[in-house]
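1. heads up, no residue letters with this:
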């Protein structure tokens, strides 16, 4: 290729004269006057020109002005030969015998021709492309400015080239300048070189050896897309606010609308909750902290209570033992010093006709356990300081993250109360045991917090999702929700910052992502497997209705069909 430097083989000239030990026999016809003549004298190579020889055919080294030179082999490269040609006009190329020579003039001509070809290709390429390409040298002076850059930035090449790029843009808004200074390249990074302009930028440092001699930037104008995206985001936010207001006026018929996930365990729990519709049985919800036990309690409440029925939650671990009885049962006026003179209704009374949710019931004071058991058994109670027996009318749902059976054995929880609460038990699995729900939960939280903090984020990058799937989530769904909030809060340029993960991204996962094989699948295969499970779960919930499934997944119907095809999911 003519724009590249030639090899040593391409530069070898075979038109030369050679004589051993300074004795040269001139060929017939005689060579040109500038033909090099080589010989070995005392084991070293020497050279002269044919014009320096006398007219006779044989010459002695005593009469010829020889110059010392060096020899190389055909295997040498130009990086070795070029320094030698600085000191020697001709260099011998030898094998068993001299094969030819390389001259300084031939090398300069070859380099010049390669430069001319390269310059022609480069200039034509720059004139032809319509992309925005800009190049700066090590002093931040502009050396390339394409018509695409002129179109985006409204600056002509003759106005910019040769001048510092900081004359036209604020230094702190120049990604290409940062790349020049730090050597850090970026790819498809949303950038704002001016307040009124958004671009998608790629940058790379230009290196010569171990030194940075410049930087190049390729930019695509996405200002209109960013503005449209912001307008769409604002419109979605208004729709979301309207939906929230409508939900207050017309409560949803779906009791599981706040429970995200389509894993087998979640679907099984939802099915069990549906079977509680016509019962008043006390329900005990078990699960680690952060799994969302209150959401499941509210779902049970909505399944078996009317729309106007109250749902009253009390955290048994957050109330002082001395105040617990009055909070639970209320008190009459004047019941104790400092009491409200009008008296106060307790949680039991507020839950009349609905559900009393006893969260963290394992933290209930031991003496209160006796009183609660009496209420559940006799269905009556007395307010603090009261003498009137009050009948109860509520259903009880209790929840705990503690091992109540162990507490019973240790005497820290009443056995009779435990059996009274544990009529129907639901155990909510931790997130690490249903990792396929992580995708849906993460996107739900992304949507929630992007609206709350006005961050128009649409997707979670594959690298971030990879870390989310590799984490074992000791804090369960609550930890995932907090992590997504942090990622949204610290997002920039509509992208999540991977280094803002609230946990170590190198931390290995302790949960098996594949239960059918001993060897782990590649990450992409695992992601596709999770995606497939989520889609199949949505289709099952919607009885195969693809439009409804797409709506549940938050994607278009066309996108759903593409995913079905890509993932190999059969379509009826």
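-> Noted; the coordinates are in hand. In this text, all values refer to a predicted model and were calculated from it rather than measured experimentally.

2. and stretch 430-449, what's buried?
-> 430-432, 434-447, 449 (16 or more other Cβ atoms under 10 Å). For every residue, glycine as well, the C-beta is placed using N, CA and C.

3. what's the answer for stretch 373-391, then?
-> The neighbour-count check on stretch 373-391 (16+ other Cβ under 10 Å) flags 373, 375-376, 381-386, 390 as buried.

4. pipe these into CSV and attach pLDDT per row.
-> Shown next, in CSV, are the buried residues of stretch 373-391 (pLDDT from 0 to 100):
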residue, pLDDT
373, 91
375, 90
376, 89
381, 88
382, 85
383, 85
384, 81
385, 78
386, 77
390, 88
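
5. which of the buried residues of stretch 430-449 fall within helices?
-> With helices taken from DSSP state H, the overlap with the buried residues of stretch 430-449 comprises 438-447, 449.

6. what is the mean pLDDT for stretch 395-409?
-> What stretch 395-409 shows for mean pLDDT is 94.

7. contacts for that stretch?
-> If you take Cβ atoms under 8 Å, 6 or more residues apart in numbering as the criterion, stretch 395-409 is touched by 280, 282-289, 293-294, 297, 300-301, 304-305, 354-363, 376, 413-415, 418, 421-422.

8. again, only using 7 Å
-> Identification of contacts with stretch 395-409 by Cβ atoms under 7 Å, 6 or more residues apart in numbering yields 280, 282-289, 293, 297, 300, 355-362, 376, 413, 415, 418, 421.

9. what about residue 303, neighbour count?
-> Residue 303 has 17 neighbouring residues, counting by other Cβ atoms under 10 Å.

10. brain fart, residue 284
-> A total of 21 residues lie near residue 284 under the criterion other Cβ under 10 Å.

11. so it sits against residue 422, correct?
-> Yes: using Cβ atoms under 7 Å, residue 284 is in contact with residue 422, at 4.7 Å.

12. list the contacts of residue 416.
-> By Cβ under 7 Å, 6+ apart, the contact list for residue 416 reads residue 373.

13. look up phi and psi at it.
-> For residue 416, the backbone dihedrals (degrees, to the nearest 10) come out as phi -70, psi -40.

14. do the one 10 residues further on as well
-> Recorded main-chain torsions at residue 426 are phi -120, psi 130, according to degrees, to the nearest 10.

15. and for residue 196?
-> The phi and psi values for residue 196, taken as degrees, to the nearest 10, are phi -100, psi 10.

16. redo the buried residues of stretch 373-391 as CSV? Include secondary structure and distance to residue 200.
-> Formatted as CSV, the buried residues of stretch 373-391 follow (DSSP: H, G, I helix; E, B strand; the rest coil; distance: Cβ to Cβ, whole Å):
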residue, secondary structure, distance to residue 200
373, helix, 65
375, helix, 64
376, helix, 63
381, strand, 66
382, strand, 70
383, coil, 67
384, strand, 67
385, coil, 70
386, coil, 70
390, strand, 68
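
17. pick the one among those closest to residue 331.
-> Comparing the buried residues of stretch 373-391 against residue 331 with Cβ to Cβ places residue 384 closest, at 3.8 Å.

18. touching, the closest one and residue 331? I think so.
-> Yes: if you go by Cβ under 7 Å, residue 384 and residue 331 touch, sitting 3.8 Å apart.

19. nearest to residue 191, of the ones in helices among the buried residues of stretch 430-449?
-> Ranked by distance to residue 191 (Cβ to Cβ), those are led by residue 446 at 22.6 Å.

20. quick one: the closest one and residue 457 touch, right?
-> Yes: contact criterion Cβ under 7 Å: residue 446 and residue 457 qualify, at 6.0 Å.

21. would you write a PyMOL line that selects the buried entries of the contacts of stretch 395-409?
-> Only the buried entries of those go into this PyMOL selection, using 16+ other Cβ under 10 Å:
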select buried, resi 282+283+284+285+286+287+288+293+297+300+355+356+357+358+359+360+361+362+376+413+418+421
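
22. among the contacts of stretch 395-409, which are in helices?
-> Those of the contacts of stretch 395-409 lying in helices (DSSP H): 293, 297, 300, 376, 415, 418, 421.

23. now for those residues: which two are most distant?
-> Across those (Cβ to Cβ), the longest gap, 24.4 Å, separates 300 and 415.

24. where does the stretch 451-572 of the chain dip in pLDDT?
-> For the stretch 451-572 of the chain, applying pLDDT under 70 flags the ranges 493-494, 504-526, 554, 556-558, 562, 572.

25. and residue 453, how many neighbours?
-> When neighbours are counted by other Cβ under 10 Å, residue 453 registers 12.

26. how much space between it and residue 222?
-> According to Cβ to Cβ, to the nearest Å, residue 453 and residue 222 sit 22 Å apart.

27. could you do residue 143 as well?
-> Applying Cβ to Cβ, the value for residue 143 to residue 222 is 26 Å.

28. for residue 166, same thing?
-> When Cβ to Cβ is the yardstick, residue 166 and residue 222 sit 24 Å from each other.

29. and what of residue 46?
-> Residue 46 is 67 Å from residue 222, by Cβ to Cβ.

30. likewise for residue 482?
-> Distance from residue 482 to residue 222, by Cβ to Cβ: 31 Å.

31. between the two, who's got more neighbours?
-> Neighbours were counted for residue 482 and for residue 222 using other Cβ under 10 Å; residue 222 has more, 17 against 14.

32. contacting residues for that one?
-> Contact partners of residue 222, counting by Cβ under 7 Å, 6+ apart, are 198-200.

33. then residue 362?
-> Applying Cβ under 7 Å, 6+ apart, we find residue 362 in contact with 400, 402, 404, 407, 413.

34. check contacts around residue 365.
-> With Cβ under 7 Å, 6+ apart, residue 365 has these contacts: 321, 324.

35. again, only using 10 Å
-> 316, 319-322, 324-325, 371-372 (Cβ atoms under 10 Å, 6 or more residues apart in numbering).

36. go on, residue 375?
-> 328-329, 348, 356, 381-382, 390, 392, 394, 396.

37. max pairwise distance over the residues you listed: which two?
-> Across these, the longest distance by Cβ to Cβ is 18.3 Å; it joins 382 and 396.

38. helices of the stretch 1-150 of the chain, start to end?
-> Using DSSP state H, counting those that start in this stretch, the helices of the stretch 1-150 of the chain run over 8-11, 78-87, 104-128, 147-153.

39. which one of those helices is the most hemmed in?
-> Greatest average neighbour count among the helices of the stretch 1-150 of the chain goes to helix 147-153 (a mean of 18), per mean count of other Cβ atoms under 10 Å.

40. what helices and strands are in contact with that helix?
-> The contact analysis (3 or more Cβ pairs under 10 Å, 6 or more residues apart in numbering; DSSP states H and E) places helix 147-153 against helix 104-128, strand 132-137, helix 157-160, strand 186-194, strand 197-208, strand 211-221.

41. partner strands of the fourth one and their direction?
-> Strand 186-194 sits in its sheet next to strand 197-208 (antiparallel), going by DSSP bridges.

42. so residue 137 is in contact with residue 163, correct?
-> No: using Cβ atoms under 10 Å, residue 137 is not in contact with residue 163; the gap is 11.4 Å.
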